[in-house]
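# With the sequence up front, the predicted model follows.
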Amino acid sequence: MNTNRSLRLVKFAVLALVTACFGASLANAQEVQGTFNLPFEVHWGLADLRPGNYSFTSDSGPVSPAHTVIVRGENNTACIIVPMVFEHSISGQNALIVERHGESATVRALNLPAAGLVIYYPAAKAQRQILAQGPELIQRLPILMAQK
């Protein structure tokens, strides 16, 4: 009986420690904001964004299983859910990396060295087949980061 009680106490202590660490890391999350202009239509995740001016917000904090980027345009809003494909970066320029094949353009990365973060968007299986068929053009669309 005493062993079960001790085991429950140890489990509770471990759970409390994990919860405290997770809560502390969430408290360190900072919101990143910026703006960019799309000169052509772009596919970003499941969203199709028309040409125009956009703003975005995202967390630069700890990576979670479903990181989101909220994109707001003149006529639409999109919530881009990102799989865990992140890297910390302090080099380069703030930019939206777009891959173009003919008339089709797809966001491949959100490079935010000002926030120390690069978020990669992997191609879906159907897109990988299309990408393998023809030449690609990589464009870097500048991002203006919001001042804090």
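Nice, thanks for sending it over.
# Which parts of the protein are helices?
Under the criterion DSSP state H, helices of the chain are mapped to 2-27, 125-133.
# looking at those, which has the lowest confidence?
Among the helices of the chain, helix 2-27 carries the lowest mean pLDDT, at a mean of 47.
# gap between the nearest residue to Pro39 once chain neighbours are set aside and Asp59?
Once flanking residues are discounted, Pro39 sits nearest to Pro51: 5.8 Å by C-beta to C-beta, 6 or more residues apart in numbering. In short, each C-beta sits where N, CA and C put it, glycine included. Distance from Pro51 to Asp59, counting by C-beta to C-beta, to the nearest Å: 27 Å.
# Please say which of the two ends up with more neighbours.
A direct count of neighbours by other C-beta atoms under 10 Å for Pro51 and Asp59 places Asp59 higher, at 17 against 13.
# I'd say that one and Ile70 touch.
No - applying C-beta atoms under 8 Å, one finds Asp59 not in contact with Ile70, separated by 10.2 Å.
# Tell me, how many residues neighbour Tyr54?
A count of nearby residues for Tyr54, using other C-beta under 10 Å, gives 24.
# mind listing the strands for this structure?
Ranges of strands in the chain, per DSSP state E, are 31-38, 42-44, 47-49, 52-59, 67-73, 77-82, 86-87, 95-101, 104-112, 117-120, 137-142, 144-145.
# Out of the ones you listed, which gets the lowest mean score?
Mean pLDDT across those is lowest at strand 86-87; the value there is a mean of 69.
# where's the residue lying closest to Thr106 once chain neighbours are set aside relative to His88, distance?
Take Thr106 and drop its neighbours on the chain: the residue closest to it by C-beta to C-beta, 6+ apart is His43, 4.7 Å away. His43 sits 26 Å away from His88, taking C-beta to C-beta as the criterion.
# More neighbours: which of those two?
Neighbour count, other C-beta under 10 Å: between His43 and His88, His43 has more, with 17 against 11.
# from what I can see the more buried one touches His101, true?
No - using C-beta under 8 Å, His43 is not in contact with His101, being 10.8 Å away.
# returning to that earlier point: ok, now which ones touch the residue nearest to Pro39?
Pro51 makes contact with Leu38, Pro39, Phe40, Glu41, according to C-beta atoms under 8 Å, 6 or more residues apart in numbering.
# No more questions from me, cheers.
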